[in-house]
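Undergrad: Sequence and computational prediction follow.
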Amino acid sequence: MKILSISGFVLSILSFITGIYLQFVLAPAAELLEDSLNTGFSDEMTSMIFYAAYEAKVNTGMNLVIAGGLASVLCTVSAIKTKSKLAMAGILLSLVALVIGLMHGTHMFS
C-alpha cells in the first residue's frame, strides 16, 4: 500500500503541475489568440495558430481528466487502507487537477 500511495502522490503532483501550466499559460494564450481573431485584424496564419493553441488546451485538459482521476483513485484506495497523510494530500492535489482538466478539456463550465 505504501508503493500505491507514493505512486498516486507522484501522479497527482505531476497532474497538478500540468494543471497549473494549463490554467496560467495555455488557456490565456488561446484566449489572447481568440481575441485577436475577433478583432478582424488577423490572417490565415493567426487562425492556424489559434486552432493549434486551442487544440493543445483541450488535449491537455482531457489528459488531466484521465491523470487526475487515476491519481484520485490510487490515493483514495491507499488512504482508506492505511490512513496515510501522503495519500490524503494526493487526493487533494488530484481533485484540483481533475477540476482544472474538466474546465478546459470539456465544455462542462462553458
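TA: Yep, that arrived. Residues are numbered from 1 along each chain as shown.
Undergrad: could you point out the longest helix in the protein?
TA: For the chain, the helix with the greatest residue count under DSSP state H is helix 44-82.
Undergrad: if I pick Val96, what's in contact with it?
TA: Counting by Cβ atoms under 8 Å, 6 or more residues apart in numbering, Val96 touches Phe16, Gly19, Gly68. Any C-beta I mention is one placed from the backbone N, CA and C, and that applies to glycine too.
Undergrad: Helix or strand: which one has it?
TA: Secondary structure from DSSP states H and E places Val96 in helix 85-105.
Undergrad: residues of that helix that come out buried?
TA: 86-87, 89-91, 93-105 (16 or more other Cβ atoms under 10 Å).
Undergrad: One more: stretch 64-84?
TA: Neighbour-count burial for stretch 64-84 flags 64-65, 67-72, 74-76, 78-79, 84 (criterion: 16+ other Cβ under 10 Å).
Undergrad: Quick one: mean pLDDT over it.
TA: For stretch 64-84, mean pLDDT rounds to 93.
Undergrad: Quick one: residues in contact with that stretch.
TA: Residues outside stretch 64-84 that contact it (Cβ under 8 Å, 6+ apart): 1-2, 4-5, 7-9, 11-12, 14-15, 18-19, 22, 87-88, 90-91, 93-102, 104-106.
Undergrad: With stretch 100-110 instead?
TA: Stretch 100-110 has contacts (Cβ under 8 Å, 6+ apart) with 15, 19-20, 22-23, 26-27, 57-68.
Undergrad: Over to stretch 25-44?
TA: Stretch 25-44 is contacted by residues Thr46, Ser47, Ile49, Phe50, Ala53, Tyr54, Ala56, Lys57, Thr60, His104 when judged by Cβ under 8 Å, 6+ apart.
Undergrad: try 6 Å
TA: Phe50, Ala53, Tyr54, Lys57, His104 (Cβ atoms under 6 Å, 6 or more residues apart in numbering).
Undergrad: Could you export it as CSV, CA atoms only?
TA: Output in CSV follows, covering the C-alpha atoms of stretch 25-44 (Å, rounded to 0.1, in the frame of the first residue of the first chain):
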residue,chain,number,x,y,z
VAL,A,25,-0.1,29.6,-19.6
LEU,A,26,-2.1,27.6,-22.3
ALA,A,27,-5.6,29.0,-21.6
PRO,A,28,-4.6,32.7,-21.6
ALA,A,29,-2.6,32.2,-24.8
ALA,A,30,-5.6,30.6,-26.5
GLU,A,31,-7.9,33.3,-25.2
LEU,A,32,-5.5,36.0,-26.5
LEU,A,33,-5.4,34.5,-29.9
GLU,A,34,-9.2,34.2,-29.9
ASP,A,35,-9.4,37.9,-29.1
SER,A,36,-7.1,38.8,-32.0
LEU,A,37,-9.3,36.7,-34.3
ASN,A,38,-12.4,38.5,-33.2
THR,A,39,-11.0,42.0,-33.9
GLY,A,40,-10.8,41.3,-37.6
PHE,A,41,-7.1,42.1,-38.0
SER,A,42,-6.0,38.5,-38.4
ASP,A,43,-4.8,36.5,-41.2
GLU,A,44,-4.7,32.8,-42.1
